[in-house]
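*Asks:* The following block contains a protein sequence and its predicted model.
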Amino acid sequence: MAIELRQVSYTYSERSLWRQTVLREIDFDAPAGQVVGIAGATGSGKSTLLQLFNGLLRPTQGTVSVLDVTFRPGEKPPRLLPLRRRVGLVFQFPEQQMFAETLEKDLMFGPLNFGMSPEEARERACKAMEDMGLDLELLTRNPFRLSGGQMRKAAIASVLAADPEILVLDEPTASLDPVSRRELIGLLNRLCRERGRTVLVVTHRMDELLPYADRWLVLNQGRAVFQGGVRELARNPGLLADCGLAVPDSLRYWRAVADRLGLKDDEEPRLSAGELADFIQERGGLEGRREGGRP
Ligand SMILES: Nc1ncnc2c1ncn2[C@@H]1O[C@H](COP(=O)(O)OP(=O)(O)OP(=O)(O)O)[C@@H](O)[C@H]1O
């Protein structure tokens, strides 16, 4: 397992009057080499949860295990640098993680900090720029003179440059145009499948990730209310609405087709337009398949 949480709670300002428990008794598993989607309404605790994955925050109750490192409340924290190399975290607001006067310095910082030579660090920086579809000419630019979308891609590139085993991204497609969003999700999927990386993505756009995610975690007011694959999610569309989330279009379309054909709940959902069209065609259309089915 790449990440394991057992009965984890997190309370901000634990020792003050202003304490606020935002995660409650969470059990969660992220298997190595999978894409995991994390969904939940605003304020449900997603960003707080992500920060437990690389030791930025430590649980106030329960146990967080990430690769071979375990965090428990009250225990001396393990050395974080080795873990930070292995777990890359892309923040919700990319400007929070850019700091150097050129993009090149920003991208090389991680690899250099983790002990790579300048040549290797530069190579990694260029490769990460290419992976993110960014022009190498931007390397000499001040990161704060980039567009919002370029800045977001650059922030992801700066984490990719260290080639982490686990990649954790907080709403990575925000501020990207539709083509860049699709390309980024495709890239994350390839990193997972071809390079064996574990990828965890917080998203408000579940539709984008549904065809790729092996598992989903849904948070509601700090509690893990769902964990499982898209098939189980499709079986339970009311759950998302109960958590204040819109049911993704692809799941709504699938449900409409499945209801019309009277399919059993364990049928694998067809989520892309092409898959759904093929499925309907294989079934000989939508009409007359079910007693009382609408024409
Ligand atoms: N540093 C902090 N100190 C105190 N409370 C915080 C802090 N950061 C977040 N919170 C609170 O924790 C709760 C969960 O916030 P968090 O950012 O984890 O939610 P989220 O699901 O990521 O929300 P969003 O979708 O809006 O990004 C919120 O009530 C928030 O006000």
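*Replies:* It's in.

*Asks:* quick one: contacts for the residue of the stretch 51-200 of the chain found nearest the ligand?
*Replies:* Nearest residue of the stretch 51-200 of the chain to the ligand: Gln92, at 6.0 Å (CB to the nearest ligand atom). C-beta: built from backbone N, CA, C; applies to glycine. By CB atoms under 8 Å, 6 or more residues apart in numbering, the contact list for Gln92 reads Ser47, Asp170, Glu171, Ala174, Val202.

*Asks:* What about these, which one has the most neighbours?
*Replies:* Per-residue neighbour counts (other CB atoms under 10 Å) across the contacts of Gln92 peak at Val202, which has 23 neighbours.

*Asks:* So which residues of the stretch 1-150 of the chain form strands?
*Replies:* For the stretch 1-150 of the chain, strands defined by DSSP state E, counting those that start in this stretch occupy the ranges 3-12, 20-30, 35-40, 61-66, 69-71, 87-90.

*Asks:* Could you look over those strands and pick the most buried one?
*Replies:* Mean neighbour count (mean count of other CB atoms under 10 Å) peaks for strand 35-40 among the strands of the stretch 1-150 of the chain, with a mean of 25.

*Asks:* For it, name the packing helices and strands.
*Replies:* Contacts defined by 3 or more CB pairs under 8 Å, 6 or more residues apart in numbering; DSSP states H and E place strand 35-40 against helix 46-52, helix 178-195, strand 198-202, helix 206-209, strand 215-220.

*Asks:* got the CA positions of that strand in CSV?
*Replies:* The C-alpha trace of strand 35-40 is given here as CSV (Å, rounded to 0.1, in the frame of the first residue of the first chain):
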residue,chain,number,x,y,z
VAL,A,35,-4.9,6.7,-9.7
VAL,A,36,-7.1,7.7,-6.8
GLY,A,37,-9.7,10.5,-7.0
ILE,A,38,-10.6,12.5,-3.9
ALA,A,39,-13.9,14.4,-4.0
GLY,A,40,-15.9,16.4,-1.4
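
*Asks:* That one vs the ligand: in contact?
*Replies:* Yes - with CB under 6 Å from any ligand atom as the criterion, the ligand is reached by strand 35-40 at Gly40.

*Asks:* what do you get for stretch 206-215?
*Replies:* No - using CB under 6 Å from any ligand atom, we find that stretch 206-215 stays clear of the ligand, coming within 12.9 Å at best.

*Asks:* could you give the mean pLDDT of that stretch?
*Replies:* Taken as a whole, stretch 206-215 has an average pLDDT of 93.

*Asks:* and it, how far out from the chain's middle?
*Replies:* Computed by CA atoms, centre = their mean, to the nearest Å, the chain-centroid distance of stretch 206-215 equals 10 Å.

*Asks:* Buried residues, that stretch. List them.
*Replies:* Met206, Glu208, Leu209, Leu210, Tyr212, Ala213, Arg215 (16 or more other CB atoms under 10 Å).

*Asks:* thought Leu103 was touching Pro143?
*Replies:* Yes - counting by CB atoms under 8 Å, Leu103 touches Pro143, with 5.2 Å between them.

*Asks:* overlap in contacts of those two?
*Replies:* Both Leu103 and Pro143 are in contact with Ala154, where contact means CB under 8 Å, 6+ apart.

*Asks:* Give me the more crowded residue out of these two.
*Replies:* Taking other CB under 10 Å, Leu103 and Pro143 do not tie; Leu103 has more neighbours (28 against 24).

*Asks:* Ok, which of the strands of the stretch 1-150 of the chain comes nearest Pro269?
*Replies:* Pro269 lies closest, by CB to CB, to one member of the strands of the stretch 1-150 of the chain: strand 35-40, at 14.2 Å.

*Asks:* Now do Arg260: how many residues are near it, please.
*Replies:* 16.

*Asks:* contacting residues around the nearest residue to it once chain neighbours are set aside?
*Replies:* Among residues not flanking Arg260 along the chain, Leu286 sits closest, at 5.2 Å (CB to CB, 6 or more residues apart in numbering). For Leu286, the contacting residues are Val257, Arg260, Leu261, Ile280, Gly293, by CB under 8 Å, 6+ apart.

*Asks:* ditto for Gly55
*Replies:* Val66, Val69, Phe71, Pro77, Pro78, Leu80, Leu83, Arg84.

*Asks:* Would you tell me which one of those residues comes nearest to Val247?
*Replies:* Looking across these and measuring by CB to CB, the closest to Val247 is Val66, at 31.5 Å.

*Asks:* Any regions of the stretch 151-295 of the chain where pLDDT drops low?
*Replies:* Applying pLDDT under 70 to the stretch 151-295 of the chain flags residues 288-295.
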